[in-house]
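> Got a predicted structure here, sequence first:
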Amino acid sequence: MRSTQQMSITLPIEMAALVKAKVAAGEYATESEVIRDGLRALLARDRAMEDWLRDEVIPAAAALKAEPDRALSAEQVREHMAAKRQRKGTGKT
């Protein structure tokens with residue numbers, strides 16, 4: 001049984017040229033390898049996003065729902081970010 005499936009895809013000219021350039025530069029043996037590597041990177045990005053949502057966003061939202069008084073106003077967030085940028089600009093953390 002085959003573990004691969006042949007497909008025909010259409011790419012914008014710029015992307016097709018990039019795929020061909022990767023092969024021509026010797027970074028990949030075939031155009032298929034370039035596409036497979038790109039899909040693996042996409043899967044890794046999707047997994048990282050799912051992990052972030054599960055591990056950080058959902059718990060933060062639940063904590064905020066449990067204690068809504070802990071929420072910051074938009075103005076408080078702006079002030080916090082401005083102070084953080086200022087500290088970063090002066091080398092202080």
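Nice, thanks for sending it over. Numbering: from 1, shown residues only.

> so M15 is in which element?
helix 13-24 (DSSP states H and E).

> Please name every helix or strand in contact with that helix.
Counting contacts by 3 or more CB pairs under 8 Å, 6 or more residues apart in numbering; DSSP states H and E, helix 13-24 packs against helix 31-52. For glycine as for every other residue, the C-beta is placed from the backbone atoms N, C-alpha and C.

> And the contacts of the helix holding M15?
Helix 13-24 is contacted by residues 11, 28-31, 33-35 when judged by CB atoms under 8 Å, 6 or more residues apart in numbering.

> A61: neighbouring residues, count only.
Close neighbours of A61, defined as other CB atoms under 10 Å, add up to 11.

> Tell me the secondary structure at it.
Following DSSP: H, G, I helix; E, B strand; the rest coil, we place A61 in the helix state.

> Tell me how far it lies from E33.
Here the criterion is CB to CB, to the nearest Å. By it, A61 lies 40 Å from E33.

> Is G26 in a helix, a strand, or coil?
G26 ends up coil, using three-state DSSP.
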